[in-house]
Structures are given as C-alpha cells and as structure tokens.
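S.K.: quick one: sequence plus predicted model below, questions after.
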Amino acid sequence: MRAIGSFFGGARVEVGLLQILPQCIWTRTRSYMLRPLPFKSSTFVAFSKHLQKAALSIRRIPTFTATMSTQKDSPSAQDGSSQKTPQPLQVAKRLEKFKTTIFTQMSVLAIKHGAINLGQGFPNFDGPDFVKEAAIQAIKDGKNQYARGHGIPQFDAAIAERFKKDTGLVVDPEKEVTVTSGCTEAIAATMLGLINPGDEVILFAPFYDSYEATLSMAGAEIKCITLRPPDFSVPIDELKSTISKNTRAILINTPHNPTGKMFTQEELNVIASLCIENDVLVFSDEVYDKLAFEMDHISIASLPGMYDRTVTMNSLGKSFSLTGWKIGWAIAPPHLTWGVRQAHSFLTFSTSTPMQWAAAVALRAPDSYYVELKRDYMEKKKILVEGLKDVGFKVFPSSGTFFVVVDHTPFGLDNDIAFCEYLIEEVGVVAIPTSVFYLNPEDGKNLVRFAFCKDEGTLRSAVERMKEKLKKK
C-alpha cells in the first residue's frame, strides 16, 4: 500500500489504492461499490486521521477510478462553455477493423439527400394484420414479463411444426429449438457457443457482414471461398482443397444474401459429403427460405446424415415484413443446442414475450399466405429487374431473397463505393456496395446490390430516377 498523502489545493486525499474526490462519480472495476461521501473539501483535513485508521483495516482493496468536477478545475467554469474535450474512440482489438455497418451509413445518406432507399433490406410496408393483432392481444392479456430463455412453449412448438412441414424432420421443441432476438443473435449464439479460438470456419463470399464480425469475436480463423458472377456457383474443387480435418464448421446462407443465389441440390450434396467425411459442422442461415422463386428451398439439415451436425437458423422478419420485431430461432440436435443456449443465455437471455405469442400465430398461417407472399415479391422483382436492365445495368440472376446484384461498370465509376455515393447524391437512389461483403474488397468492386422489398410505386420511382439521371460512359 502506498503512503497516505494529501493534496488540499485540489481537495484530494489518497488512501492506498483508494482515491476520494469531492463531487465524484465512482466506477467499480471489481465487485465492490463505494458511494461518494458528501464532504466539502474543507472537511478532509479533519477526516484524514480517520481515513488513515480505515485504510489499515482494509484487507481487500478494490481499484476505483473517479472523475472530479469542481469549480476550480472544470473547463466549463473557465470559459463558460459546456463543451468537453473529445475522447478517442475505444474498441477491442478483435473489432478494430469493423466500422459502422454499411446499412447504417447508406440509410443516413438516404435521409440526408432525400434518396429512395433500395439499400437496406427492410420492407417499406407493414406486416399482416392478423400477426400484429395477436401481438396486441398478448400485451393486453398481460404476457409482458420475461419469457423463459429458450422461448415460450407455444412458439417453440410452432417452430418445430413449421420445420417438420418444410423439411420432414421431427424435432423436440423443448430440447432442440432456441428462440433468439433475430437471426443475427442466433448467428452470434451459434458462433460464440460452438466455436473456439483458432477454429477454422469456411465462409462463402460475398456474405452477410455479421458473419465475419461474430467469428472475429469468437476468435475463429476464417477461410473464404468466393462465389463469382454470373451464377455465383460453388467452386467445388476449391471447396475440396480448403476443407480439412482442421475445419470446425462451414457457414452457408441459402437463399443467399446479397446475390439471390440458391444453393443447388448438387452443391448441397457435395457440401454434406465433405462435412461428413471431415467431421465438420454446418451453420445454415435460412432467413429467406420463403422467398425462393426459381427453385424449391432445400434445408441442408434434411440431407442424410446432416441433422446431427447442423444448426439451422431462421427468423420471422423477412417472411412476415416485421423486421423490427427481431424474432429468430436456431434448430439443432441437443448436443449442439447446448452450446447455442449457453451463449444465448449471456447475450440476451430471452426474447420479447408478446412478440413470441404473435410469432406462434404467424408460423401457423395457412400455406396460402406464403403463396401470396411469393407472388407479390415476384411482381416486385420483375419491376426492378426489368427497370435496371432498361437503365443499362448488367443484372445477374436472383433465384431467391429480395435482392438483386448488378454490374455498375457501364456507368464509368471507379468502384462500387464511388458509384453508390454518386447514385445517392446525384440520382437520389440508394444501393449497397458489395465490396463490404468480401474479405478481399477487390472481389466486389464492380457489383452493387438493390433491394426490391418496397411497394411498387417506390420501385417504379427509383427506376425512373435512374433512367433520367444515370448515363453510360
């Protein structure tokens, strides 16, 4: 312990590792809490002897830091302003490379320039009334306290029923279903619960940006395989040379954001065979499973030998236009569910209770709902795709999701970011630069992504703006 000292000009007394200041805010760095004492600086002389005695009786001394605000030292007291000196931004090293998400950046620019937002993937129309009314009723019925961690029984059962209907697989809702706060949390809980530092995980680029960030938080070693236009097919030989006994997991997303690609039966069969051969897990993000246009969606968990090594992740938001509810889930065998639930317990613990009651109603919607949903989105897709072709873009096929990827190079901008900035500022339309979805940004510099989860009037207005103001170079 340091010698006890006093500095009365600044009204400070130090006792060992304990620093006491007038008008302090104390921050606890161990499991102790100290309340600031209501002493004026003039009283510290009288108390110094008492503090010495108190210090001698302390056996475990926590470390505290305090910020002092006095009339003498306060910058605002000196110059009359309330401004504070900006502090450097702080972030853990594992997240240093990640900036504000591109979706946030583009949405801010859209508002600033009054641009039509075809960037971020959220609908500009509302979800179905029968689901919203179920949420309202749940709130009125008092279902407003914490739900159990892995989901209310009614919603877990609805998820299991829907999964059986879609895949033919029978799962135990009590042991194999975990409700999460959106699919993004399901992804995080899966990575953090099942991946150890140094584990190899294979991604297919381009990929949803949370994959890389979450794997970085888990300390994974990322191996990346690039899907290339025009069809973004899986390079099977490259996959075979990349996967090994050191690979812990492969993460797939089908239908695929941002390209709209759907993994074919043949591709999934090869991935499954390689995973079984090398004892590799599969994390399958299937949030767009109900937006499959050109072929039927196949869940890799349904292939022979794959359920026991697969975590299937999904959500309510995309299929029911309720992205703000953040209701997701993960389905996995009990030995994998254990890790997912352990991580989930310390991420969010539980998910919105009344929204789970409403989500249970949603998942029991008749098949006619999904037929109409797909028909509506196919009409929206047609408007945007034909419009983009008329404008002069090279449009790549989109078999699912509500995204379409185009080649922007006919318009003469250096890269995708420069093009998207020009598109917002000069044309008044928002797209997403795809380079942010690659480990090597060069792979995506010629491509941008448009979303067609908007009403038809919005899509037509965006196309008209581009026809009027975008010129080939």
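M.R.: That came through fine. Numbers count the residues shown, from 1 in each chain.

S.K.: using PDB, write down the CA coordinates of stretch 146-162.
M.R.: Included here for stretch 146-162 are C-alpha records, laid out as PDB according to Å, rounded to 0.1, in the frame of the first residue of the first chain:
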ATOM      1  CA  TYR A 146     -39.500 -12.300 -19.200                       C
ATOM      2  CA  ALA A 147     -40.100 -15.400 -21.200                       C
ATOM      3  CA  ARG A 148     -38.100 -18.500 -20.400                       C
ATOM      4  CA  GLY A 149     -34.700 -18.400 -22.000                       C
ATOM      5  CA  HIS A 150     -35.100 -20.700 -25.000                       C
ATOM      6  CA  GLY A 151     -38.600 -19.500 -25.800                       C
ATOM      7  CA  ILE A 152     -42.200 -19.800 -24.700                       C
ATOM      8  CA  PRO A 153     -43.500 -23.400 -25.200                       C
ATOM      9  CA  GLN A 154     -46.200 -22.300 -27.700                       C
ATOM     10  CA  PHE A 155     -43.700 -20.600 -30.000                       C
ATOM     11  CA  ASP A 156     -41.100 -23.400 -29.700                       C
ATOM     12  CA  ALA A 157     -43.900 -25.900 -30.700                       C
ATOM     13  CA  ALA A 158     -44.900 -23.700 -33.700                       C
ATOM     14  CA  ILE A 159     -41.300 -23.600 -34.900                       C
ATOM     15  CA  ALA A 160     -41.000 -27.300 -34.700                       C
ATOM     16  CA  GLU A 161     -44.300 -27.800 -36.500                       C
ATOM     17  CA  ARG A 162     -43.200 -25.400 -39.300                       C
END
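
S.K.: got the buried residues for it?
M.R.: Buried residues in stretch 146-162, counting neighbours by 16 or more other Cβ atoms under 10 Å, are found at 147, 150, 151, 152, 155, 156, 157, 158, 159, 160, 161, 162. For the C-beta atoms, the positions are set from N, CA and C on the backbone; glycine is no exception.

S.K.: can you flag which of those belong to helices?
M.R.: Using DSSP state H, the members of the buried residues of stretch 146-162 that fall in helices are 155, 156, 157, 158, 159, 160, 161, 162.

S.K.: mind putting those in a markdown table, distance to residue 253 included?
M.R.: As requested, those are exported to a markdown table (distance: Cβ to Cβ, whole Å):
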| residue | distance to residue 253 |
| --- | --- |
| 155 | 24 |
| 156 | 24 |
| 157 | 26 |
| 158 | 23 |
| 159 | 19 |
| 160 | 22 |
| 161 | 24 |
| 162 | 19 |
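
S.K.: circling back: now the buried residues of stretch 146-162 as CSV including distance to residue 272 and pLDDT?
M.R.: Converted to CSV, the buried residues of stretch 146-162 look like this (distance: Cβ to Cβ, whole Å; pLDDT from 0 to 100):
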residue, distance to residue 272, pLDDT
147, 34, 98
150, 27, 98
151, 28, 98
152, 33, 98
155, 29, 98
156, 27, 98
157, 28, 98
158, 27, 98
159, 23, 98
160, 22, 98
161, 25, 98
162, 22, 98
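
S.K.: and the pLDDT at the residue most central in space within the chain?
M.R.: The centroid of the chain falls nearest to residue 184 when counting by Cα atoms, centre = their mean (4.1 Å). At residue 184 the predicted local confidence, pLDDT, stands at 97.

S.K.: compute the distance between it and residue 166, please.
M.R.: From residue 184 across to residue 166, the span is 21 Å (Cβ to Cβ, to the nearest Å).

S.K.: likewise residue 404?
M.R.: If you go by Cβ to Cβ, the gap between residue 404 and residue 166 works out to 25 Å.

S.K.: neighbour-wise, which of those two wins?
M.R.: A direct count of neighbours by other Cβ atoms under 10 Å for residue 404 and residue 166 places residue 404 higher, at 24 against 18.

S.K.: residues in contact with the more buried one?
M.R.: 260, 381, 384, 385, 388, 395, 396, 398, 449, 450, 452 (Cβ atoms under 8 Å, 6 or more residues apart in numbering).

S.K.: closest one to residue 459 out of the residues you listed, please.
M.R.: Each of those was checked against residue 459 using Cβ to Cβ; the closest is residue 384, at 5.2 Å.

S.K.: residue 226 against residue 437, yeah?
M.R.: No. Residue 226 lies out of contact with residue 437 (Cβ atoms under 8 Å); the separation is 10.4 Å.

S.K.: common neighbours of these two, please.
M.R.: Shared contacts of residue 226 and residue 437, counting by Cβ under 8 Å, 6+ apart, come down to residue 205.

S.K.: higher neighbour count, those two?
M.R.: Under the criterion of other Cβ under 10 Å, the comparison of residue 226 against residue 437 puts residue 437 first, with 24 against 16.

S.K.: now do the contacts for the residue lying closest to the more buried one once chain neighbours are set aside.
M.R.: By the measure of Cβ to Cβ, 6 or more residues apart in numbering, the closest residue to residue 437 outside its immediate chain neighbours is residue 206, 3.3 Å from it. Applying Cβ under 8 Å, 6+ apart, one finds that residue 206 lies in contact with 227, 258, 259, 434, 437, 438, 443, 444, 447.

S.K.: make a markdown table out of these and add secondary structure, pLDDT and distance to residue 320.
M.R.: Formatted as a markdown table, the entries for the contacts of residue 206 read as follows, by DSSP: H, G, I helix; E, B strand; the rest coil; pLDDT from 0 to 100; distance: Cβ to Cβ, whole Å:
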| residue | secondary structure | pLDDT | distance to residue 320 |
| --- | --- | --- | --- |
| 227 | coil | 98 | 28 |
| 258 | coil | 97 | 21 |
| 259 | coil | 98 | 23 |
| 434 | helix | 97 | 27 |
| 437 | helix | 95 | 25 |
| 438 | coil | 96 | 30 |
| 443 | helix | 97 | 33 |
| 444 | helix | 97 | 30 |
| 447 | strand | 98 | 29 |
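
S.K.: and which of those residues is nearest to residue 138?
M.R.: If you rank the contacts of residue 206 by distance to residue 138 using Cβ to Cβ, residue 258 comes first, at 34.3 Å.

S.K.: distance check, that closest one against residue 447.
M.R.: In this structure, residue 258 and residue 447 are 8 Å apart, going by Cβ to Cβ.

S.K.: for the helix or strand hosting residue 422, give the mean pLDDT please.
M.R.: Using DSSP states H and E, residue 422 sits in helix 416-422. Per-residue pLDDT values over helix 416-422 give a mean of 95.

S.K.: quickly run through the sheet partners of the helix or strand following it, with directions.
M.R.: Downstream of helix 416-422, the next assigned helix or strand under DSSP H and E is strand 429-430. Each strand that strand 429-430 pairs with, and the sense of that pairing, follows from DSSP bridges: strand 116-117 (parallel).
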